[in-house]
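**Student:** need a structure here:
(2 chains)
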Number of protein chains: 2
Amino acid sequence: MNGADVLCSTLLASGIDTCFANPGTSEMHFVAALDQRPEMRCVLGLFEGVVTGAADGYARMTDRPAATLLHTGPGLANGLANLHNARRAETAMVNIVGDHASTHLQYDAPLTTDIEGLARPMSHWVGRIGGAASLQRDTEAAIAAARSGAGQVATLILPADAAWSDARFDETAGPILPAAATSAPAEEIEAAARAIHRAGPRCLLLLGGRALRAAPLAEAARIARATGAGVLSETSNARCEHGRGRHAPARVPYLVDVAVERLAGYDTVILIGARAPVAFFGFPDRPHVPTRPDAEILPLAGRGADLAATLAQLREALGIPATAPLPARDDSPVACPEGALDTTTLPAAVAHALPENAILCDESISMGFPFALLAARCAPHDHLQLTGGAIGIGPALAAGAAIACPDRPVLSLQADGSAFYTVQGLWTQAREGLNVVTVILSNRKYQSLYGELHRLGRNAPGTNARAMLDLDNPAVDWPALARGFGVGGSRVERAEDLAAAITRAFRAGGPHLIEAVL
Amino acid sequence: MNGADVLCSTLLASGIDTCFANPGTSEMHFVAALDQRPEMRCVLGLFEGVVTGAADGYARMTDRPAATLLHTGPGLANGLANLHNARRAETAMVNIVGDHASTHLQYDAPLTTDIEGLARPMSHWVGRIGGAASLQRDTEAAIAAARSGAGQVATLILPADAAWSDARFDETAGPILPAAATSAPAEEIEAAARAIHRAGPRCLLLLGGRALRAAPLAEAARIARATGAGVLSETSNARCEHGRGRHAPARVPYLVDVAVERLAGYDTVILIGARAPVAFFGFPDRPHVPTRPDAEILPLAGRGADLAATLAQLREALGIPATAPLPARDDSPVACPEGALDTTTLPAAVAHALPENAILCDESISMGFPFALLAARCAPHDHLQLTGGAIGIGPALAAGAAIACPDRPVLSLQADGSAFYTVQGLWTQAREGLNVVTVILSNRKYQSLYGELHRLGRNAPGTNARAMLDLDNPAVDWPALARGFGVGGSRVERAEDLAAAITRAFRAGGPHLIEAVL
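**Tutor:** You can find the predicted model right below:
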């Protein structure tokens, strides 16, 4: 048994049985060890951004970490953008990054890099295996870090000599499990209840993290109905149980001016698994935070707390019974639209065709806002967003979510500009036979950046602006690209055809891509 | 005039007139400023690894830096793997990385990251623009850093408020030009000459950097012929003028055991623009350096020195006239092979068909070794390699080289496994109408990693090893993928068809991709 074998055993002992991987020479002992352990599912990504994005999608849907296998500093670097998103989502993940043998580092061979330096900005926790003797302990520390709070990105560096040296697995160590989450302290719940009583409709419950599952959402909705308080979720959420019968709230708007207007009525903001709102970007003469300058921000419970229990206790503290009525809601399904695809018909077609119990991976960018208006009337689904603003997660996130939930349909709503960054994820969808239908929102430009240019008063973009913001000339042929990666592809230009194509693709099963031409 | 305008003016004043870009919201003032300056060529990459790899290819062929435009930490992160390669190549490059307005950083908005922390491991120089007032000075410092020595990766962070604030461009500042390179000191040249006299055929001249241009290569060849000394180049070289009529030497072998054997006869190694050889990876019971333990390593001239002058002076110090005869060499063209494609016929077909004055971007990985045996008999060409071992540069490097040299054909010899990382570079080739012919070496596996697994004695890979090392199931349809990105594609299975397809594609002009099925 060598260190690599012990590493496998340590991961498996704690229930980490899925490894998203893009290996290289320095990880070959680990590859060989994984090859002896069929109970570990190894999933190849052709690019590391697929690996880390898929691990994020997997953990969002299972509430358990996957492992990743990355090849030295450059392999980690390729995965960093989606680690950034995972860090913002507070996703549990154990990244195993191979490095040179410790005795070889001093020679500064071509692939030698400062892996710790690269890992730190996008990881909650970074460690290096000290040697074969400490390998199990070091790995357990990484798993414990990943399972801290709501979840953490833990990056563990594996020197090749720690992997190849003889080692022993301590069977008695037992699994590393997350500590039980606790609800907010009783006195803080009381204080929050008093604030709600005092402010009534001027009070906002801002929800995030696991407060966006169906049960806590219903608690928040009961509180809102009984007290007049408002409820919103963060602008971007890792996972929200949405659609008919759920009580998912609207989100804090992305554009700061719109958010300021939306939040103007609230002088009290209670944070439940959410961070206080901030503007996504700073702009000249624009506020940095969209809440009122005089608003009182009350952080009631962090992401790692038991948010369902916190909300139930808050309801009780407000004297609202568990059987209190829920607010009325519009549960009418979205009718199938007809006509050319545009910012009205396209979201409606998706909302109409979204299957029951789907996972909706949403990297729709400029199309996200019109879709959000219809989400509550979709079939019940889980809504997964881009949490860190690092575009390029969709094909990967969808693959990870589908691996986590093989019995659920996954719809990947994907802006074309963002789709390119981890487009290789389509191949993983084909390789693993995943039930993912990708809808490419094909407007052939960075539409959101044209919006920003417009805000600068530049309404007549010249040669260089168009060179950097247009995606035509040539327009990408998405069905061909999908076929290249082994995924069936089609193209639609009308709303009714899009709805029919989504339904048909899920009926057929397996991955499919639909280019929705706007 | 705002800071972004001054930034454009400062770059242009120093002759930096090409900007490889993937912009985002925080760089929109810079985009707007670039839009006013048509003399700056802006080239979009759909992924940042394309941006940085193209900037590397451009600078290797022009000996001048390009600028890059990257969007905050995640955008930089996506470009880091190819910055690693550029750092190892000592490529001049000025990366402009947009960041939040300095007043917005404290709010830790979703895209806030430690950009300096991310940049440092892959940059020679990292700086942050202090404000609009210091913008010109800060940018000049970055350009000076990029133009230091042989070339450096300089990464300059541009806060959005420095870009949008009023600023003034000092027209009197003048361009930032590289310092003139100097040859090695006379006494060190004398010492090297004495060492060559003493060791004769036990002396190795190890060449790197700009010692691999035609003129210094001829000087080294004259010295070798007159003294019996050996000549080799480093294992991976940024650019080597190769082919018929040139005197490009063989390279230090990649595999450490082969390298040890190849270097066993040398007790004296003179480094001219080269680093002392090290094993690419450390292995159990294998040496870290392939040179003899008793070998004397004489560093004569670093990468930034005038290597042509150094070699000319070394020749003179050895008493060899400038007109001394060159070694005999086999300049016979490689005949067109026939038959199925394999590790013999495929390199021969490429060697046969490589056009005169081509730029050969070589990310052939496991196919690189057989091709190297034929390179000297190809038509004269520039040979560009993967310098840092971070696979995934080919489509990008080829795009950058083609933009640098619009009149030269570019052949991109590309392993399939490595091609995926920056496959989006094909679109840039189409967008810019570049004369790049890509030959995909389609063996549908990570062949070099199977070699490593074999070396571990694992000759019967199981389910998990195959899951991580095979690229079939599904096999990627490369012509479809190319067409998706707007590049014509074809597939060949025989050597004579490959040679004909290369010739035909260059005759037609513009980008084309040929899947060479092994």
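**Student:** ramachandran coordinates for the residue of the stretch 301-450 of chain A found nearest chain B?
**Tutor:** Of all residues in the stretch 301-450 of chain A, A:Ala390 sits closest to chain B, at 3.5 Å by Cβ to the nearest Cβ. Yep, even glycine has a C-beta here, placed from its N, CA and C like the rest. In terms of degrees, to the nearest 10, the main-chain angles of A:Ala390 are phi -90, psi 100.
**Student:** can you check A:Ile440 too?
**Tutor:** The phi and psi values for A:Ile440, taken as degrees, to the nearest 10, are phi -80, psi 120.
**Student:** with the one 5 residues further on instead?
**Tutor:** Main-chain dihedrals, A:Lys445, degrees, to the nearest 10: phi -160, psi 160.
**Student:** how close does it sit to B:Thr345?
**Tutor:** Distance check for A:Lys445 against B:Thr345: by Cβ to Cβ, to the nearest Å, it reads 45 Å.
**Student:** show me which of the two is the more surrounded one.
**Tutor:** A count of neighbours by other Cβ atoms under 10 Å in any protein chain shown puts B:Thr345 above the other of A:Lys445 and B:Thr345, at 23 against 17.
**Student:** any idea which helix or strand carries A:Ser418?
**Tutor:** Here A:Ser418, judged by DSSP states H and E, is contained in helix A:416-419.
**Student:** wait, does the next helix or strand after that helix make contact with chain B?
**Tutor:** Downstream of helix A:416-419, the next assigned helix or strand under DSSP H and E is helix A:425-431. Yes: counting by Cβ under 8 Å from any Cβ of the partner chain, chain B has neighbours in helix A:425-431: A:Trp427, A:Ala430, A:Arg431.
**Student:** same question for the helix holding A:Ser418, mean pLDDT?
**Tutor:** For helix A:416-419, mean pLDDT is 97.
**Student:** now check stretch A:207-214, is it near chain B?
**Tutor:** No: remark: stretch A:207-214 sits outside contact range of chain B, by Cβ under 8 Å from any Cβ, the gap being at least 12.2 Å.
**Student:** state the distance from the residue of the stretch 301-450 of chain A closest to chain B to A:Asn459.
**Tutor:** Counting by Cβ to Cβ - A:Ala390 and A:Asn459 are separated by 29 Å.
**Student:** could you find the closest non-adjacent residue to the residue of the stretch 101-250 of chain A found nearest chain B?
**Tutor:** The nearest approach of the stretch 101-250 of chain A to chain B comes at A:His104, 2.9 Å away (Cβ to the nearest Cβ). Nearest residue to A:His104 in three dimensions, chain neighbours excluded: B:Gly282, at 2.9 Å (Cβ to Cβ, 6 or more residues apart in numbering or on different chains).
**Student:** regarding the one you found, what is its secondary structure?
**Tutor:** Following DSSP: H, G, I helix; E, B strand; the rest coil, B:Gly282 is assigned to coil.
**Student:** surely it is in contact with B:His288?
**Tutor:** Yes: with contact defined as Cβ atoms under 8 Å, B:Gly282 reaches B:His288; the gap is 6.0 Å.
**Student:** give the residues shared as contacts by these two.
**Tutor:** Common neighbours of B:Gly282 and B:His288 are listed as A:Thr103, A:His104, A:Tyr107 (criterion: Cβ atoms under 8 Å, 6 or more residues apart in numbering or on different chains).
**Student:** now restrict the residues you listed to buried residues only.
**Tutor:** For these, a neighbour count by 16 or more other Cβ atoms under 10 Å in any protein chain shown gives the buried set as A:His104.
**Student:** ok, the shared contacts of B:Gly282 and B:His288 vs A:Ser26, which is closest?
**Tutor:** Closest to A:Ser26 out of the shared contacts of B:Gly282 and B:His288 is A:His104 (9.3 Å), distances taken as Cβ to Cβ.
**Student:** for that closest one, give me its contacts.
**Tutor:** A:Ala160, B:Ala279, B:Phe281, B:Gly282, B:His288.
**Student:** wouldn't the first one be in contact with A:Val31 here?
**Tutor:** No: using Cβ under 8 Å, A:Ala160 and A:Val31 do not qualify as a contacting pair, with a distance of 11.7 Å.
**Student:** which parts of chain A belong to which domain?
**Tutor:** For chain A, automatic domain parsing gives the domain ranges A:3-173, A:186-317, A:345-517.
**Student:** near chain B at all, the helix or strand of chain A with the lowest mean pLDDT?
**Tutor:** None of the helices or strands of chain A scores lower by mean pLDDT, DSSP states H and E than helix A:368-372, at a mean of 91. No: applying Cβ under 8 Å from any Cβ, one finds helix A:368-372 separated from chain B by no less than 14.3 Å.
**Student:** tell me which of A:Ala390 and A:Asn459 has more neighbours.
**Tutor:** A:Ala390 (32 against 8).
**Student:** same for the lengthiest helix in chain A, what does it pack against?
**Tutor:** Longest helix of chain A, by residue count under DSSP state H: helix A:72-89. The contact analysis (3 or more Cβ pairs under 8 Å, 6 or more residues apart in numbering or on different chains; DSSP states H and E) places helix A:72-89 against helix A:48-62, strand A:66-71, strand A:93-99, helix A:115-119, strand A:153-159, helix B:72-89.
**Student:** return the angle between stretch directions for it and helix B:48-62.
**Tutor:** Here helix A:72-89 runs at an angle of 150 degrees relative to helix B:48-62 (axes from the mean of the first three to the mean of the last three Cα atoms, to 10 degrees).
**Student:** any idea of the angle helix A:72-89 forms with strand A:93-99?
**Tutor:** Orientation check (the same axes, to 10 degrees): helix A:72-89 against strand A:93-99 gives 170 degrees.
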